[in-house]
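In: Structure for the following, please:
(6 chains)
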6 protein chains.
Amino acid sequence: MAESERWKKGAAKMKELFGREPQPGQMQEDFLKITVENLFGDVWGRPGLELRERSMITVAALTVLARERELKVHLRGALNAGISREKINEIMIHLAHYGGWPTGVNGLRIAKEVFDEIDAKQK
Amino acid sequence: MAESERWKKGAAKMKELFGREPQPGQMQEDFLKITVENLFGDVWGRPGLELRERSMITVAALTVLARERELKVHLRGALNAGISREKINEIMIHLAHYGGWPTGVNGLRIAKEVFDEIDAKQK
Amino acid sequence: MAESERWKKGAAKMKELFGREPQPGQMQEDFLKITVENLFGDVWGRPGLELRERSMITVAALTVLARERELKVHLRGALNAGISREKINEIMIHLAHYGGWPTGVNGLRIAKEVFDEIDAKQK
Amino acid sequence: MAESERWKKGAAKMKELFGREPQPGQMQEDFLKITVENLFGDVWGRPGLELRERSMITVAALTVLARERELKVHLRGALNAGISREKINEIMIHLAHYGGWPTGVNGLRIAKEVFDEIDAKQK
Amino acid sequence: MAESERWKKGAAKMKELFGREPQPGQMQEDFLKITVENLFGDVWGRPGLELRERSMITVAALTVLARERELKVHLRGALNAGISREKINEIMIHLAHYGGWPTGVNGLRIAKEVFDEIDAKQK
Amino acid sequence: MAESERWKKGAAKMKELFGREPQPGQMQEDFLKITVENLFGDVWGRPGLELRERSMITVAALTVLARERELKVHLRGALNAGISREKINEIMIHLAHYGGWPTGVNGLRIAKEVFDEIDAKQK
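Out: Numbering: from 1, shown residues only, chains lettered A, B, ... in the order given. Got it, this is the predicted structure:
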């Protein structure tokens, strides 16, 4: 795949957020291309919001929509973007009141899983 | 209703966000009490997130959950909390990709309604 | 349309809940038949739950799913089934904590609309 | 705005589906660009599914997600793409069983509104 | 943590529903406090609905919102509150028609898991 | 259970879609009866849409509603109904834009799981 400008921009943004470039085989090939170019290149790459702000509203959206797998991925991104563990917990407590109690219970549980996985790796 | 400490704290937070104190008759009496004391006093009144951050994730949650009436209320709050119109539009464009296209279309439409109502009043 | 046993059973159940039999033209013809026979005849007509219990869980489901038009219809049914206005308000306050705050705000608003419409008619 | 290849492709696809090209002012400018280029150019413009199939699954998604405004727009698209009124009604009856009864009630109601608006215009 | 009146009230209500008091470490500390005091003390502790009614609408809400973990917890609560297994199954069959077929399939599956776990323990 | 005409019709339709008749014990007995007679006999058995079309909109609905277990079952049905793997992937890429990005990520992941399970069996 010839690397377009949009791919390069998106891949750089993914590196900034997730700490690594998109990997072939990470998802279905055509969707990976759209994810890198359209989602991360065209949208995350826009000015207008800081990376930290994009990360925070993405976490909020995934939390209230109960998208647990994607949430785990983006919680790691949020930590990379400089959002502290304390802030993440606070976001979950807050969102429990807008998405309903299970939003908070599950959000805090998943955040704890992510924190524990990171801690386990660093030992 | 004797004003408890929790009521006072919640009412002050609502004033800070919405520009006015909670009004009797604004919603069912018991739920107003819970909204002021539990939601705004106990939760919005916590440290850990800035008002602007709480406002931003609330807008994100309401947008992807398609809660249009509440979203209008909180978009006004977001403007009061210092989130610019440009940022609000950008939030909607971003969230279109996490909640689906209608999230973006409706989010931008509702934001425009709020901006237009504010502009109309100021003339 | 020859009235099947299932139609008769469903129509009687709708009469019991809504105070009147299903009306031709009330919805698309084939869907009306399925609604009367399958939903109200086969399901609402089952023993195992009292009418009042079926009404209560239906209201709960429609409230948290934000199905406002259907909720209005079923709030009238709930009143017919003997659930008081006070209980309906209490249901909404309770569900605000499982479906999120807008669930409560909207549920109470819609309940008030239904109560007001009934009161206006009785004058 | 210099018309990119992706814009041209997306605009042609929108013309094919909705009967007219995207209009400036139809939505927020940046989101219109993303809608034309990314959604209609890159995605709707892909081979792999016929226009009629893309239209049908879009209608299904919007129906069960209760996105009523967008659904109206895409029901007109579905008719343009050759999906008959009878098929649209049948889709709604079918989806009532996967998204819940209000999905069917509202889907049929909105479809009827679209059909009636078209008929009114043709008189 | 000094046990406030609200904590005591909420903890007693949780004991009544779940058969045991809230446990430290059961969830993030601050959210546990809010859950005990605000959710169970202030809301579940209100008059206006019987415990059995609150339990039933909570189960209904969690079922149609597909909140499976929380549903398991509250199905045990429902059994404690005197709702029979037969009624629980009937609730799931009923809700299949308001939340869509997967609501029923999953609701019945999860209920069976809870019943089986209880039976396995009692052997 | 005496096999009614509606049961026979529904069971035949399930055989056509899933490759086998409904099995006792597959789900709670009463709900199985309603599933066979009402859902597959009365609804899937209607003319108006081809089996392939019903399958496609069911997959679309389950995908955007994030009903993963049911989706797996219906992806196998879709393959039986003649929808190719390429079309299924394309459906997921398309729906990512209407249900949000996690819809696409999860839809493609689940589709891959189904394809891999089928391939593993055929070795």
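In: report the longest helix in chain A, please.
Out: The residue-count maximum for a helix in chain A (DSSP state H) belongs to helix A:101-122.
In: can you tell me which residues contact the residue nearest the centre of chain A?
Out: Closest to where the C-alpha atoms of chain A average out (C-alpha atoms, centre = their mean) is A:His74, at 2.0 Å. Residues in contact with A:His74 (C-beta atoms under 8 Å, 6 or more residues apart in numbering or on different chains) are A:Ser55, A:Thr58, A:Val59, A:Leu62. Any C-beta I mention is one placed from the backbone N, CA and C, and that applies to glycine too.
In: wait, doesn't the third one sit right on A:Ala81?
Out: Spelled out, it's A:Val59. No: contact between A:Val59 and A:Ala81 fails when scored by C-beta atoms under 8 Å: they sit 9.6 Å apart.
In: Mind checking which of those two has more residues around it?
Out: Neighbour comparison, A:Val59 and A:Ala81: the larger count goes to A:Val59, with 28 against 20 (by other C-beta atoms under 10 Å in any protein chain shown).
In: Those residues of chain A touching chain C, which are they?
Out: By C-beta under 8 Å from any C-beta of the partner chain, the residues of chain A that approach chain C are A:Val64, A:His97, A:Tyr98, A:Gly99, A:Gly100, A:Trp101, A:Pro102, A:Thr103.
In: confidence score at the fourth one?
Out: In this prediction, A:Gly99 carries a pLDDT score of 98.
In: how many neighbours does the closest residue in space to it that isn't next to it in sequence have?
Out: If the residues on either side of it in the chain are set aside, A:Gly99 comes closest to A:Val64, at 3.5 Å by C-beta to C-beta, 6 or more residues apart in numbering or on different chains. Counted with other C-beta under 10 Å, residues neighbouring A:Val64 total 25.
In: Please list all residues in contact with A:Val64.
Out: A:Leu95, A:Tyr98, A:Gly99, A:Thr103, B:Ala61, B:Val64, B:Leu65, C:Gly100.
In: where does chain A dip in pLDDT?
Out: Within chain A, the stretches with pLDDT under 70 are A:1-2.
In: Up against chain B, what does it have?
Out: Residues of chain A lying close to chain B by C-beta under 8 Å from any C-beta are A:39, A:43-44, A:46, A:48-49, A:53-54, A:56-65, A:86-87, A:89-91, A:93-95, A:97-99.
In: Any chance you could list what contacts stretch A:12-21?
Out: By C-beta under 8 Å, 6+ apart, the list of residues contacting stretch A:12-21 from outside reads A:11, A:22, A:36, A:40-41, A:44-45, A:51, A:55, A:73, A:76-77, A:80-81.
In: Now flag whichever of those residues is closest to E:Gln26.
Out: Relative to E:Gln26, the closest of these is A:Arg76; by C-beta to C-beta it sits at 25.3 Å.
In: Skipping its backbone neighbours, what lies nearest that closest one in space?
Out: Spatial nearest neighbour of A:Arg76, chain neighbours left out: A:Val114 (6.2 Å); criterion: C-beta to C-beta, 6+ apart.
In: Can you say which of the contacts of A:His74 are buried?
Out: Applying 16 or more other C-beta atoms under 10 Å in any protein chain shown to the contacts of A:His74, the neighbour count classes A:Ser55, A:Thr58, A:Val59, A:Leu62 as buried.
In: Run a quick neighbour tally on the closest residue to chain E within chain A.
Out: In chain A, the residue that lies nearest chain E is A:Pro102 (4.0 Å; C-beta to the nearest C-beta). For A:Pro102, the tally of surrounding residues (other C-beta under 10 Å) stands at 24.
In: in what helix or strand does A:Pro22 lie?
Out: Assigned by DSSP states H and E, A:Pro22 falls within no helix or strand.
In: What residues does it make contact with?
Out: Per C-beta under 8 Å, 6+ apart, neighbours of A:Pro22: A:Gly10, A:Ala11, A:Met14, A:Leu32, A:Thr35, A:Val36.
In: okay, these in CSV with distance to A:Gln122, neighbour count and secondary structure next?
Out: What follows is those, written out as CSV (distance: C-beta to C-beta, whole Å; neighbours: other C-beta atoms under 10 Å in any protein chain shown; DSSP: H, G, I helix; E, B strand; the rest coil):
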residue, distance to A:Gln122, neighbour count, secondary structure
A:Gly10, 29, 26, helix
A:Ala11, 26, 18, helix
A:Met14, 23, 21, helix
A:Leu32, 29, 18, helix
A:Thr35, 29, 23, helix
A:Val36, 29, 26, helix
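In: ok, these vs C:Ile118, which is closest?
Out: A:Thr35 (52.1 Å).
In: Get me the contact residues on chain A for chain D.
Out: Within chain A, the positions near chain D by C-beta under 8 Å from any C-beta are A:Asp30, A:Ile34, A:Asn38, A:Asp42, A:Val43, A:Arg46.
In: buried residues in the helix or strand containing A:Glu16?
Out: For A:Glu16, the element it lies in under DSSP H and E is helix A:5-18. Using 16+ other C-beta under 10 Å as the burial criterion, the residues of helix A:5-18 that qualify are A:Arg6, A:Trp7, A:Lys9, A:Gly10, A:Ala11, A:Lys13, A:Met14, A:Leu17, A:Phe18.
In: Looking at these, which two lie furthest apart in space?
Out: A:Arg6 and A:Phe18 (17.9 Å).
In: Distance-wise, check the residue nearest to A:Arg69 when sequence neighbours are not counted relative to A:Leu62.
Out: Using C-beta to C-beta, 6+ apart and skipping the chain neighbours, the partner closest in space to A:Arg69 is F:Asn106 (6.8 Å). Applying C-beta to C-beta, to the nearest Å, the value for F:Asn106 to A:Leu62 is 12 Å.
In: what touches both of these two?
Out: Residues touching both F:Asn106 and A:Leu62 (C-beta under 8 Å, 6+ apart) are A:Glu70.
In: hmm, back to that, surely the residue nearest to A:Arg69 meets F:Leu65?
Out: No: with contact defined as C-beta under 8 Å, F:Asn106 does not reach F:Leu65; the gap is 11.3 Å.
In: what is in contact with those two at once?
Out: Common neighbours of F:Asn106 and F:Leu65 are not found (criterion: C-beta under 8 Å, 6+ apart).
In: before we move on, back to that, just list the residues touching the residue nearest to A:Arg76, thanks.
Out: Going by C-beta under 8 Å, 6+ apart, A:Val114 touches A:Lys72, A:Leu75, A:Arg76, A:Leu79.
In: Could you do A:Arg52 as well?
Out: Contacts of A:Arg52 by C-beta under 8 Å, 6+ apart are A:Ala81, A:Gly82, A:Ile83.
In: check which helix or strand covers the last one.
Out: Assigned by DSSP H and E, A:Ile83 belongs to neither a helix nor a strand.
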